[in-house]
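Engineer: A structural model of the following input is requested.
(2 chains)
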Amino acid sequence: MEEFILKRIRIREIEFGEKTEISGGVLSVNREELSDLLMEDSCIANVDLAIARPGESKRIIPVKDVIEPRCKNIDGQDSFPGFFTDANFPSGKGETLVLDGMAVVTSGKLVNFQEGLIDMSGPGAEYSIFSRKLNLVLLIEPVKGLGKHEHERSVRIAGLKAAHFLASYAKKISCDEEERFSVSSLDKLYKKAPDLPRVVYVCQAIAQGLLHDNYFYGQNAQGCLPVLMYPTELMDGAVISGNCAAPCHKHTTYHHQNNPIVEDLLKEHDKNINFLGVIVPPVRTALAEKERIGYQVFKLAQMMGAQGAIISEDGGGNPEADLMIVARHFEKNGIKTVIITDEYAGSDGASPGLADVTPEADAVVTNGNGNQKVKLPPMDETIGFVETVEHITGGHEGSLLSDGSIEMEIAGIMGSTNELGIENLKTIAI
Amino acid sequence: MKTLKVVHYINQFFGKLGGEEMASIPPRFEDGPVGIGELITSSSHGEFEVVRTIICGDNYAAENLEEFKKVILPWIEEAGPDLVIAGPAFAAGRYGTACGILCQEVEKTLGIPSVTAMHPVNPGVDLAKKDIFILETGDSARQIARVVPQMVSFARKLVNQEKIGLPGEEGYIPRGIRINVRDQRRGSKRAVDMLIDKLQGKNFETELPMPVFDRVPPAEAISDLYEAVIAIGTEGGIVPEGNPDRIEAHNASKWCRYSISDLSRLEKGKYEVAHGGYDPVPANDDPNRVLPLDAARVCEKEKQFARLYGYYPVTVGNVTAVRSAEKYGKEIGEMLKKDGVQGVILTST
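Structural biologist: Numbers count the residues shown, from 1 in each chain, chains lettered A, B, ... in the order given. The predicted structure is shown next:
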């Protein structure tokens, strides 16, 4: 039986130092070394680095992506397949090293409206797991006149490069925790637990253009049909986020690497369910594409003999049509389905919170109303550009008050209504 | 203990002016409590003082809602209350409507907390429940001795801005509004637990019953297109350079209109995308592809219709609350109608 092993190295402090190394849980980063590496990209004019720790009076804005440092512990292979190595190697198998407790956050000049905010303390910090991480922030300045698409690509790849670079320093040290996952073929799964209900997980990934894209094995998902994956492939960076949609409900790369639905399904695997695998469908804009992809998702699930499914949404609005199409196919064919989403019910909570509905969607988990207003107090330090709050999703003209506090919707806080359910926010009707 | 000033609204019957024969009397007021107003004071142990009682006939209120609001609101403002109590109206439909509309207006216009009470089937409930708290009563006024003290203790919480619990705990009619709360379990765990319950045939409860959408009936066909004035408009956020009115990228708080009367097409650089829900690069390059002014001018030149309307309405339809969208739609429709437009091409993104 093949295995996937996550070796976690706990990081309890990040500091800048002369040498990049990990020692006693302290990650020391040589600023020049890392920024030189990222500046190899000729589209990047300058890279500045900053550290934001939980509890500090710091605000990071505008945030594009968050990545957990991971790399393979095998020569010639790597995490984030398709970005640093040939995509043609077995992702989700073997050993992968994780710098646990920290994240790389990409920031710098605004690419477009969809970027978000992370507060390291105060009420804003209650909304985001990233407020509880040691964050190494990359402030990336593009060369003058760089187009939006090129700017986004450079920043995205810089985040992956930095995450990969930092994780590679864990190769020489022993890990704090080891998690083992079996990587089983379908026939073995069927034989091992013939009486448990067979479950698939459908993980939507938006593929709709600038700051609305995801990458499967390094390829923009826009041109893809649904892909079937071992759960461990997600942990190895098989899906990379270039998606900001709204900050509250985008799946960052971190979310894909640490998909909580995968984690919680694996906990029930061999107990109450037989978890067969993950189907990752792109979400396109045109109805014909939604129907084509929706049917392919159903076909894969049916071929695998699925009896139950969880479908998680990525983004909001039009992906709800894809959710409902797949839910209809599944329920009409006896695959019992749970949908996991969030809502836009207006700041007063009085509007219908979804853009599409179907009677078959009778089991839905919601991760909160993104339109909820929040007031965030001033912070001692801004990492990035605080004035962008008036342009980003969730902000408005007048969001930035004269004392430095911010009035906005939680839609602007990274991951606040995350549709993989990594937080514990939800809505109730009163 | 600070005494809280209350304005109380009642109908002609509770105002002791008479029954159905007096239902057409216009609003009037008396300073101090009338009838059950005494019960408000006594059940609050003197904490609430009814400083003014407004009385109106049920038919008058139901048939002259705008006038009703216009007359009463200044009387309330003048009394300077901490709180407005209306009813209880029980199952009386016209009375419930007046109570609901009045409380809604008081909260919206004056920002004063208000509370009313009625039976769940009272038409006043559906009119106002999303904006105000309506305590649930039976259908008969015999419950008044129970209901008024309940209104008093609930109102005290509202005035003191205490945390309001769930409908079942507090006794108000479910409002159908959704609020954010924290659960013990993260969302993914709740989804997995729900799936296992569903697979095992156990009871499960969805967290989000499917919303019900309104259906908009299509307008009558245009009888003579050659004579029609046609407009173009979009939710795609095409705005003049720099987004002068700062329409938000998401959950727009407004719609705007801009003149196109002198333009044959939207020039690159002079118009841009304010919408946060799609890749703006192609439309920034050619804004006509979201707001098709260039094509509309061709049709106009070919005399496919009489004339293109001189403005275009625009907002950002990106996770915009349906309640806002309805309002903008109505306002845009009224503007177009007033200006003699017979047809509109709305592009969406």
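Engineer: alpha carbons only for contacts and neighbour counts from here, please
Structural biologist: Will do.
Engineer: Looking at the closest residue to A:D100 other than its chain neighbours now. What's its pLDDT?
Structural biologist: Once flanking residues are discounted, A:D100 sits nearest to A:R10: 4.8 Å by CA to CA, 6 or more residues apart in numbering or on different chains. Here, the pLDDT recorded for A:R10 equals 98.
Engineer: ditto for the one 5 residues further on
Structural biologist: In this model, A:E15 is scored at 98, pLDDT.
Engineer: Next one: it from chain B, what distance?
Structural biologist: 32 Å (CA to the nearest CA, to the nearest Å).
Engineer: How about the contacts made by residue 82?
Structural biologist: Since you didn't name a chain, this refers to chain A. Applying CA atoms under 8 Å, 6 or more residues apart in numbering or on different chains, we find A:G82 in contact with A:N88, A:Y217, A:G218, A:Q219.
Engineer: looking at chain B here, not the other one
Structural biologist: B:L4, B:K5, B:V6, B:I112, B:P113, B:V159.
Engineer: and which of those residues is nearest to chain A?
Structural biologist: Among the contacts of B:D82, B:P113 lies closest to chain A (CA to the nearest CA), at 15.9 Å.
Engineer: What pLDDT is listed against that closest one?
Structural biologist: pLDDT for B:P113: 95.
Engineer: which residues of the chain fall in helices?
Structural biologist: In the absence of a named chain, this looks at chain A. A:31-39, A:148-168, A:186-192, A:231-235, A:253-257, A:260-268, A:287-303, A:319-332 (DSSP state H).
Engineer: meant chain B actually
Structural biologist: B:37-43, B:58-63, B:65-79, B:93-105, B:123-128, B:144-159, B:167-170, B:187-199, B:281-285, B:293-301, B:322-338.
Engineer: Buried deepest among those, which one?
Structural biologist: Among the helices of chain B, ranked by average contacts under mean count of other CA atoms under 10 Å in any protein chain shown, first place goes to helix B:93-105 (a mean of 25).
Engineer: and that helix with helix B:65-79, angle?
Structural biologist: 50 degrees (axes from the mean of the first three to the mean of the last three CA atoms, to 10 degrees).
Engineer: other SSEs contacting helix B:93-105?
Structural biologist: With contacts defined as 3 or more CA pairs under 8 Å, 6 or more residues apart in numbering or on different chains; DSSP states H and E, helix B:93-105 has these neighbours: helix B:58-63, helix B:65-79, strand B:83-90, strand B:114-118, helix B:123-128.
Engineer: wait, which of the ones you listed is closest to chain A?
Structural biologist: helix B:123-128 (11.5 Å).
Engineer: Can you spell out which helices and strands pack onto the closest one?
Structural biologist: Applying 3+ CA pairs under 8 Å, 6+ apart, one finds that helix B:123-128 contacts helix B:93-105.
Engineer: Show me the shaky parts of the chain.
Structural biologist: If you meant another chain, say so; for now it's chain A. Within chain A, the segments meeting pLDDT under 70 span A:87.
Engineer: should've been chain B
Structural biologist: Flagging of chain B using pLDDT under 70 yields the residue ranges B:1.
Engineer: Mind putting the helices of chain A into a markdown table with mean neighbour count and distance to B:R146?
Structural biologist: Listed next are these as a markdown table, based on neighbours: other CA atoms under 10 Å in any protein chain shown; distance: least, CA to CA, whole Å:
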| stretch | mean neighbour count | distance to B:R146 |
| --- | --- | --- |
| helix A:31-39 | 18 | 71 |
| helix A:148-168 | 21 | 64 |
| helix A:186-192 | 13 | 62 |
| helix A:231-235 | 25 | 59 |
| helix A:253-257 | 24 | 53 |
| helix A:260-268 | 20 | 49 |
| helix A:287-303 | 18 | 56 |
| helix A:319-332 | 22 | 46 |
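Engineer: want to throw those helices into JSON lines with distance to chain B?
Structural biologist: Listed next are these as JSON lines, based on distance: least, CA to the nearest CA, whole Å:
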{"stretch": "helix A:31-39", "distance to chain B": "25"}
{"stretch": "helix A:148-168", "distance to chain B": "7"}
{"stretch": "helix A:186-192", "distance to chain B": "17"}
{"stretch": "helix A:231-235", "distance to chain B": "15"}
{"stretch": "helix A:253-257", "distance to chain B": "12"}
{"stretch": "helix A:260-268", "distance to chain B": "5"}
{"stretch": "helix A:287-303", "distance to chain B": "12"}
{"stretch": "helix A:319-332", "distance to chain B": "11"}
